[in-house]
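S.K.: Here is my input; please provide its structure:
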Amino acid sequence: MSKQFSDLGINSQLQKSLANHHINTPTEIQQKTIPVLLQQKEDFVGLAKTGTGKTAAFGLPLLQLVDVEKSNIQAVIIAPTRELGQQIYHNLVSYATHLPAISIASICGGIPIKPQIERLTEDTHIVVATPGRLIDLIKRKAIDITKAGYLVLDEADEMVTSLKEGLDEIVAELPKKRRTFLFTATMPGTIKQLIQNYMSKHVVHVSADMETMGHQGIDHRFVTVAPIEKLEILMHFLNSREGERGIIFCKTKAAVNKLAKNLAINKFSSGALHGSLSQPIRDRIMGQFREGHIRILVATDLAARGIDVKEISYVVHYHLPDVFETYVHRSGRTARAGAEGLSLTIIQKEEEEDLKEFEEVLGITFKAYQKADAQSIEENNLLLWAKKIFKTKPNPSVAPELKNSIHTVFHHLTKEELIDKLMAQQLGHPIGPKSSETEKPKRKKR
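M.R.: Numbering: from 1, shown residues only. A predicted model of the protein is given here:
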């Protein structure tokens with residue numbers, strides 16, 4: 001018989017909130033973590049894949065451990081991105097529905113700091129922060145974390161770079177007698193060093209859902225392409241998954257912008273997400289993606305953290321990541337909450353050896369994805385051309401006389417005849433996306 005939250009020591013108020021959100025059975029990481037955080041006094045390291053319920057694993061115990069008789073900040077939760085921070089904040093608020101005395105604040109970057117400073121003048125028990133904004137508030141003496149008994153580092157492996165210089169400043173403000181909870185999906189050397197430097201010698205380690213390195217439910221595929229055909233192969237894949245929601249990962253912001261532009265030209269329902277975009281734009285794109293108004297998100301690795309959308313059917317690695325841990329995080333965006341998903345990596349011939357290393361280190365197997373042949377690509381490009389015409393808005397500046405003359409030219413054709421002639425005309429010219437990835441090299445002038 002599976003355990004219930006009551007068996008883990010969660011109180012009735014929190015159980016009621018969980019039931020209201022149809023959360024009835026704890027996940028493995030929650031079963032292993034919650035009793036330890038509630039009953040023991042040691043520091044804690046939790047290793048679990050993304051999408052397994054880590055927020056509730058540390059959030060529920062923290063809410064229960066808060067002393068509402070005290071008005072000071074008692075817990076500091078640090079997340080790598082504002083998106084993930086906001087997700088944690090909203091989850092905690094929903095868990096605390098029946099604990100109205102608990103006050104939670106979000107102090108993440110990307111938005112004006114003044115309202116956050118004003119918010120911190122009120123009683124606050126738990127703060128959810130991004131590293132840079134927390135350090136900024138500390139320097140302004142706008143936040144007092146000197147009595148916080150708990151520090152939580154969530155998605156720590158994605159935060160190492162941003163924390164490298166700032167963690168000293170944050171820890172210096174915290175009391176020496178505190179408990180630190182660190183959660184991560186991977187355990188690279190940098191995280192082991194962080195644990196050694198900032199946590200006590202007596203650390204409780206818990207690992208959950210890691211039998212397949214966090215890849216259960218994910219179908220790992222690869223397709224080898226020539227650079228000139230990469231975009232067309234991708235668009236053929238996207239057309240085959242029309243109506244489904246997916247994320248395409250690129251290494252750089254420039255690559256994200258370039259690919260998103262090509263997809264927009266070809267009328268795919270897509271949006272771009274990277275760190276250089278303003279926070280209001282990032283929020284708008286994420287909102288459109290969550291609500292299904294756009295089906296494809298083109299993103300950099302860090303910008304995509306905090307995307308907790310259960311209905312993501314596939315992930316595409318448009319560029320193979322540089323490190324193994326990044327592949328784990330990317331793939332973890334799909335197959336969430338017990339669902340299944342596809343992780344497709346598009347590589348060039350020389351990268352096949354690299355893929356073998358990913359298999360060995362991560363303990364997974366990449367199967368070949370059926371590459372579209374030349375005829376299928378041509379047919380897909382023709383379909384994209386047709387969709388572009390269908391979605392093109394009429395030009396109101398065309399003179400009525402000219403419009404009538406053109407109408408006269410086509411007057412005796414049926415719709416079917418007109419379409420046949422347009423297709424014949426289009427097939428007589430190069431079709432498909434116009435980009436540097438598909439253009440043929442120009443001959444040098446003699």
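S.K.: give me every residue that touches residue 57.
M.R.: Applying C-beta atoms under 8 Å, 6 or more residues apart in numbering to residue 57 gives the contacts 27, 29, 30, 33, 34, 37, 46, 48, 183. Every C-beta, even on glycine, is put in place using the N, C-alpha and C of the backbone.
S.K.: Show the pLDDT at the nearest residue to the first one once chain neighbours are set aside.
M.R.: The shortest distance from residue 27 to any residue that is not its chain neighbour, by C-beta to C-beta, 6 or more residues apart in numbering, is 4.1 Å, and that residue is residue 53. In the predicted model, residue 53 carries a pLDDT score of 85.
S.K.: can you map out the strands along this structure?
M.R.: 43-48, 75-78, 104-107, 126-129, 150-153, 179-184, 203-208, 218-224, 245-249, 270-273, 296-299, 312-317, 341-347, 367-368 (DSSP state E).
S.K.: Using JSON lines, please lay out these together with distance to residue 233 and mean neighbour count.
M.R.: Output for those, formatted as JSON lines (distance: least, C-beta to C-beta, whole Å; neighbours: other C-beta atoms under 10 Å):
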{"stretch": "strand 43-48", "distance to residue 233": "34", "mean neighbour count": "22"}
{"stretch": "strand 75-78", "distance to residue 233": "40", "mean neighbour count": "25"}
{"stretch": "strand 104-107", "distance to residue 233": "41", "mean neighbour count": "22"}
{"stretch": "strand 126-129", "distance to residue 233": "41", "mean neighbour count": "28"}
{"stretch": "strand 150-153", "distance to residue 233": "39", "mean neighbour count": "24"}
{"stretch": "strand 179-184", "distance to residue 233": "34", "mean neighbour count": "23"}
{"stretch": "strand 203-208", "distance to residue 233": "37", "mean neighbour count": "16"}
{"stretch": "strand 218-224", "distance to residue 233": "6", "mean neighbour count": "19"}
{"stretch": "strand 245-249", "distance to residue 233": "12", "mean neighbour count": "24"}
{"stretch": "strand 270-273", "distance to residue 233": "16", "mean neighbour count": "24"}
{"stretch": "strand 296-299", "distance to residue 233": "15", "mean neighbour count": "26"}
{"stretch": "strand 312-317", "distance to residue 233": "10", "mean neighbour count": "22"}
{"stretch": "strand 341-347", "distance to residue 233": "7", "mean neighbour count": "22"}
{"stretch": "strand 367-368", "distance to residue 233": "13", "mean neighbour count": "8"}
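S.K.: Was I right to think residue 253 contacts residue 275?
M.R.: Yes: using C-beta atoms under 8 Å, residue 253 is in contact with residue 275, at 6.8 Å.
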